[in-house]
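Chemist: A structural model of the following input is requested.
(one chain, ligands or ions: 1)
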Amino acid sequence: MKFFLDTASISEIEEAVSWGVVSGVTTNPTLYAREGGKLAEFHAHIKRICDIVDGPVSAETVTLTRDEIVAEGETLAALDPHVVVKVPTMPEGLAATKALSERGIAVNMTLCFTVPQAILAARSGARYISPFVGRFDDISEDGLEQLGNTIAAIGNYEFGHPVEVIAASIRHPQHVVASALLGADICTVPFKVLGQCVKHPLTDRGLESFLADWEKVRNS
Ligand code: E4P
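Modeler: Numbering: from 1, shown residues only. Down below sits the predicted model:
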């Protein structure tokens, strides 16, 4: 499983990239707004992320008709070869995905919650599909069960182009564990969750005792 970072924060991306574990980045309008992002700086911000990350960078469209989404997607894709256009799962989004993918532009179909949505996304030409886990949990439904169903269903078929499932809306390390065991191609995680995945109390305790014992050696 590859890790993508789910953030628009340049400092978080720089730090995670320095760990050597980040294969890509996913952004969305909420994440950009959280960074205090300005409309006029949006394209430059996406380009800056692409300069830091050697991998796909999802930039989301914010229009609702196929022609508008395609125009937005073409503008975003022209920013950098790493840009993947993130398109919401809806009929106009499917039409836009078909048009963009026919023009060689990779699409990440987002806000995907069900197996039929995922299969339709793949059929329309989406290169990546993002089933959301945490938002199901938020409404007392089982996001991981939906993720598992989506991975199994997508794996049953050939779509004539590569399709990777991105486990999205990840809230904690147990979501990461389950995504890996279910066979997600990619897990896109907030920086906080990436940090939580590295930490373990036994690692901390082990390091503490190794260093304490090394002090004895140094003083011998
Ligand atoms: C995925 O690409 C989305 O940006 C993200 O995972 C949404 O997560 P949230 O449900 O925590 O907002």
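Chemist: which stretches of this structure have low pLDDT?
Modeler: Along the chain, no part satisfies pLDDT under 70.
Chemist: From the chain's centre, how far out is the longest helix along it? Work that out for me.
Modeler: Ranked by residue count and defined by DSSP state H, the top helix of the chain is helix 201-218. The chain centroid and the centroid of helix 201-218 are separated by 36 Å under CA atoms, centre = their mean, to the nearest Å.
Chemist: got the CA coordinates for it in CSV?
Modeler: The C-alpha trace of helix 201-218 is given here as CSV (Å, rounded to 0.1, in the frame of the first residue of the first chain):
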residue,chain,number,x,y,z
PRO,A,201,4.9,3.2,23.3
LEU,A,202,7.1,0.0,23.2
THR,A,203,9.3,1.7,20.6
ASP,A,204,9.6,4.7,22.9
ARG,A,205,10.3,2.6,25.9
GLY,A,206,12.8,0.4,24.0
LEU,A,207,14.7,3.4,22.8
GLU,A,208,14.8,4.9,26.3
SER,A,209,16.3,1.7,27.7
PHE,A,210,18.8,1.3,24.8
LEU,A,211,20.0,4.9,25.3
ALA,A,212,20.2,4.4,29.1
ASP,A,213,22.3,1.3,28.7
TRP,A,214,24.5,3.0,26.2
GLU,A,215,25.2,5.7,28.8
LYS,A,216,26.6,2.9,31.0
VAL,A,217,28.8,1.8,28.2
ARG,A,218,30.0,5.3,27.5
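Chemist: buried set for that helix?
Modeler: Residues of helix 201-218 classed as buried: none (neighbour count, 16 or more other CB atoms under 10 Å). (C-beta placed from N, C-alpha, C; glycine too.)
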